[in-house]
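Colleague: model this:
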Amino acid sequence: MTFRFRPVHCAALALLLSTLGAAPCALAADAVLVLDTSPRETRDAPALDLAVTRFAGNASGTYYWEDGLLAEQILSGLQSRTNRAEQELPDGQRLLSSRRQLSHGAERAAVLVDGRGDVLAAALVHRECGKNGCQDDEHGLLSVFLRPGFDRAKAQPLVTWSQDVPEDLQTDGGEKIAKVETITLDAGNTTARPIRLTKGFSPQVPLYPRAIVHRTAQDALSNAKARRVLRLQTTDSIEQVLAFYKQLTPPLQDAVSDLDGNTGFMAGKRKGVAFTVNLKQDKHFPTITNMEVEISE
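Modeller: Coordinates of the predicted model:
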């Protein structure tokens, strides 16, 4: 995903071009987490994707779909190339906006960035799509997300942007923003929520602690398969996930791992339970890692 900027700003903005069951939380009590903290810019991904991922971390919520990674939903809301727009603001800031692919504008996103390409704030206009469906097109919701320490008043351009109703939504009653919420993305809001195990899934299998349940993918599983398969997501890289499993204490038995470009694999055994972890970079958003943890039959 790339945005084009006028040449005078290219140097400054170069960085930018780039409840399942009721079971207890899965906490690998005897697992020691050691993660690679190298800069995320080492990943082969557009800089805007990287900036959004740094901003949102592993925050999640129900906006365009249920319990999804916030970073992925922001990037999804910026995906339509034909609807991308850019607005200059004071102090070298810019507002970048678009809408979801093949969307009529009811689901759209914007980010407020500084001259270095860092995201200061972001906004989603959405319909709070979850288990019970979505709100209708006349009742939009605006969620504004702030970097810690960023003055809420300075995010006003995002509110103003949300009130510019797309032409496709101006017929009949038009779109109305029914609710506005503001969330500061501090550590408490960007940390992955604890994973609740599906019924029958062994608690002996260590799960990557900075991942969330990939809800739409998990819900597609049959009840029988969900007893031995968990589908997860994280904004961490494949390398970081593999490092976690390789550095567990005590180490996994019969451990085997592989890394091949945009995919990774880990197999091992813990307390008699054999399992595999298959990792794949999301084909649309390369800063998102999808994983499937499966207990061997």
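
Colleague: my read: Arg210 touches Asp236, true?
Modeller: Yes - the pair Arg210 / Asp236 is scored as a contact, 5.5 Å apart, by C-beta atoms under 8 Å. In this view, the C-beta of every residue, glycine as well, is placed from N, C-alpha and C.

Colleague: so for those two, which sits in the more crowded spot?
Modeller: Asp236 (25 against 18; other C-beta atoms under 10 Å).

Colleague: what about the more buried one, which SS state?
Modeller: Secondary structure for Asp236, judged by DSSP: H, G, I helix; E, B strand; the rest coil, is coil.

Colleague: do Tyr64 as well
Modeller: From three-state DSSP, the assignment for Tyr64 is coil.

Colleague: and it, what does it touch?
Modeller: By C-beta atoms under 8 Å, 6 or more residues apart in numbering, the contact set of Tyr64 is 73, 76-77, 100, 107, 124, 126, 129.

Colleague: nearest spatial neighbour of it, chain-adjacent residues omitted?
Modeller: Nearest non-adjacent residue to Tyr64, counting by C-beta to C-beta, 6 or more residues apart in numbering: Gln73, 5.0 Å away.

Colleague: so how far is Asp118 from that neighbour?
Modeller: Counting by C-beta to C-beta, to the nearest Å, the gap from Gln73 to Asp118 is 19 Å.

Colleague: Glu167 now?
Modeller: Where Asp118 is concerned, Glu167 sits at a distance of 32 Å (C-beta to C-beta).

Colleague: the more surrounded of these two?
Modeller: Between Glu167 and Asp118, Asp118 has the larger neighbour count (other C-beta under 10 Å), namely 14 against 8.

Colleague: quick one: the residue lying closest to the more buried one once chain neighbours are set aside and Leu120, what's the gap?
Modeller: Once flanking residues are discounted, Asp118 sits nearest to Ala51: 6.1 Å by C-beta to C-beta, 6+ apart. Look at Ala51 and Leu120: by C-beta to C-beta, they are 10 Å apart.

Colleague: compare these two (neighbour count), which wins?
Modeller: Neighbour count, other C-beta under 10 Å: between Ala51 and Leu120, Ala51 has more, with 24 against 19.

Colleague: what helix or strand is that one on?
Modeller: Here Ala51 sits within helix 47-56, counting by DSSP states H and E.

Colleague: and for Val277?
Modeller: strand 273-281.

Colleague: what's next to that strand, contact-wise?
Modeller: 202, 204-205, 208, 238, 241-242, 245, 254, 262-269, 288-296.

Colleague: helix, strand, or coil at Leu158?
Modeller: Going by three-state DSSP: Leu158 is helix.

Colleague: let's see the pLDDT reported for it.
Modeller: Looking at Leu158, its pLDDT is 97.
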